[in-house]
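Asks: show me how the following folds:
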Amino acid sequence: MKKFAYIDATSVDTVPSLLGRRFGQAQVLAGGTDLVGELKEYIATPDRVVNLKSIPGLDYIRQEDDGLKIGPLTTLADIETSTLINDQYSVLQQAVSAIASPQIRNVGTIAGNICQRPRCWYYRSEDFDCLKNGGDTCYSVRGVNRYHAIIGGGPCYIVHPSDSAVALMSLNASVKIQGPRGPREEMLDDFFVLPELNIMRENGLRANEFVTEIIVPASKPNTKGIYVKVRERDAIDFAMASVAVTMTMSGNTCSEATVVLGGVAPVPWRVPDVEQFLQGKQITEDVASAAAEMALREADPMSDNSYKIEMTQNIVSQAILDLA
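Replies: Numbers count the residues shown, from 1 in each chain. Model prediction:
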C-alpha cells in the first residue's frame, strides 16, 4: 500500500477541492469494502484519501413527496432492514439482501456499492497490465472469460459488479452529484458508461465529483418488483447473471415494465425493447419466454461464457411470471 494523506472532510461543499482535478490523485472513503482492497493491491495509489464519514447527516432513508431519498453513506444493512423500502421498493431490498455477507452489508454503503470497481481478475491482478489499468490488452479475450460480458463488451469485457445498481435502475432512480460548480442530478441510465466510451471508468463521475444522494421516484399503484440472482455460492458472491423487473399490473395485464440485467454487461443493462413488448400484454408463459429471448438478442458470448445466455433467459422468464 502506498502512503497517502488521510483527510476528514467537514462538509459536502469542501470535498470537490480535496479530490482535485486528476483521476487517481485522491479517493473518497465511505465504507471502504472495495477501496481498501484496491489500496492493498496497488490498484489505487492516491496521494490523498478523503473520508466522507466525518460529514454528518449523509446516512438517511426518507420518503418525500417526489419519492424516496437515500443518503450516500446509508449502509446496505440499513436498506435491507428498512420497512419503508421493503413495503414500497421491495426490488431494492431483495437486491441488497443478495450482496456479499451480513458483515459486509453492515459496513458497505449504497453509493459505494453502485460506484465500486470491476471484479475482473485481470484488472485486480498486479501481474496483468490490462486495458483498464492503462495497458493495451484485454486478457479476457483470449484468456479465462467465464464470468465476463456477453453484451455491450469491447474493447474491455468487464461486468458491472453492483446488485443494487441493477435494482435502482429498474426503479428509474437517479443520483445527485456534487462537484466544484455545485450539485447536479443524473439518471442512472446515463450515469454508467460503457468501455467503448471510457475504458478507464465505469461511470460519469469526474475526478472532483462524488455521489451525495440516491433518488427513487414514488412507486405507482399496483407496481411490484423482483430481483433474481444466480451465483455459484449462496453468499459472498457476485452475480453470474441477474435481473431486476418491475411491472405495473392491471389484473393479469402489464401496463408498464422495466427490465434490467446484471452480471452480463459492463453496465447494468436495461432492455427497453422488452419493456415495450410487455406493455399491454397479458402475462403468460409464452409472453415471458418471448420477452426472455428478446432480452438476450444482442448477446455475443466469448469462448467460456455462452452458458450465460440460457441462464439469463431463464431468470428473466421466471421473474416476469413471478410478478404476474
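
Asks: partners of the host helix or strand of Val28 in the sheet?
Replies: Using DSSP states H and E, Val28 maps to strand 26-29. For strand 26-29, sheet partners with direction are given as strand 48-51 (parallel), following DSSP bridges.

Asks: of all the residues in stretch 31-38, which ones are buried?
Replies: For stretch 31-38, the buried set under the neighbour-count rule, 16 or more other C-beta atoms under 10 Å, comprises Gly31, Gly32, Thr33, Asp34, Leu35, Glu38. All C-beta spots, glycine's among them, are computed from the backbone N, C-alpha and C.

Asks: same deal with stretch 313-324?
Replies: Going by neighbour count (16+ other C-beta under 10 Å), the buried part of stretch 313-324 is Gln313, Asn314, Ile315, Val316, Ser317, Gln318, Ala319, Ile320, Leu321, Leu323, Ala324.

Asks: ok, of those residues, which one's closest to Thr212?
Replies: Proximity of the buried residues of stretch 313-324 to Thr212 (C-beta to C-beta) peaks at Ala319, which lies at 31.4 Å.

Asks: surely that closest one is in a helix?
Replies: Yes - secondary structure assignment places Ala319 in a helix (DSSP: H, G, I helix; E, B strand; the rest coil).

Asks: in contact with it, which residues?
Replies: For Ala319, the residues meeting the contact criterion (C-beta atoms under 8 Å, 6 or more residues apart in numbering) are Ile226, Tyr227, Val228, Val243, Ala244, Val245.

Asks: right, and the secondary structure at Gln94 would be what?
Replies: From three-state DSSP, the assignment for Gln94 is helix.

Asks: and the strands in this structure?
Replies: 5-8, 26-29, 48-51, 61-64, 67-70, 174-179, 182-187, 210-217, 223-230, 241-250, 253-262, 269-270 (DSSP state E).

Asks: mean confidence score for the fourth one?
Replies: pLDDT averaged over strand 61-64 equals 96, rounded to a whole number.

Asks: kind regards, and thank you for your time.
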